[in-house]
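Enquirer: Coordinates only, no sequence provided:
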């Protein structure tokens with residue numbers, strides 16, 4: 001892990017196009033500003049972990065746990081009949 005010391009209004013660069021700036025330091029809290037291209041997603045770690053876990057769970061769904069086409073057709077309500085005049 002790279003450890004850097006920065007003061008408010010000082011920045012670090014990640015690659016060529018991501019800039020992280022220290023905006024404010026209050027006690028144990030640090031406010032950071034992140035400037036990155038729109039194509040780069042930026043999340044707090046706890047949000048990132050939640051997204052990763054949900055994606056893992058979604059990808060582990062097997063087709064065996066899904067209803068078959070026949071089950072869906074048999075459980076679908078029949079369409080109402082239109083009266084003939």
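Expert: Thanks, I have the structure now. Since the structure is predicted, the reported quantities are computational estimates derived from the model, not experimental observations. Numbering: from 1, shown residues only.

Enquirer: dump the residue contacts of residue 40.
Expert: When contacts are counted by Cβ atoms under 8 Å, 6 or more residues apart in numbering, residue 40 touches 17-18. Bear in mind the C-beta positions are built from the backbone N, C-alpha and C, glycine included.

Enquirer: Same question for residue 4.
Expert: Taking Cβ under 8 Å, 6+ apart as the contact definition, residue 4 lies against residue 12.

Enquirer: I'd guess it is in a strand, am I close?
Expert: No - the assignment for residue 4, made by DSSP: H, G, I helix; E, B strand; the rest coil, is coil rather than a strand.

Enquirer: how near is it to residue 71?
Expert: To residue 71, residue 4 is 58 Å away according to Cβ to Cβ, to the nearest Å.

Enquirer: Name the residues of the longest strand seen in the chain that are buried.
Expert: Among all segments of the chain classified by DSSP state E, the strand with the greatest residue count is strand 18-26. Using 16 or more other Cβ atoms under 10 Å as the burial criterion, the residues of strand 18-26 that qualify are 20, 22.

Enquirer: what is the mean pLDDT for it?
Expert: For strand 18-26, the per-residue pLDDT values average out at 97.

Enquirer: What is the subsequent helix or strand relative to that strand?
Expert: strand 29-35 (DSSP states H and E).

Enquirer: before we move on, back to that, how big is the angle separating the longest strand of the chain from strand 29-35?
Expert: On the basis of axes from the mean of the first three to the mean of the last three Cα atoms, to 10 degrees, strand 18-26 is oriented at 160 degrees to strand 29-35.
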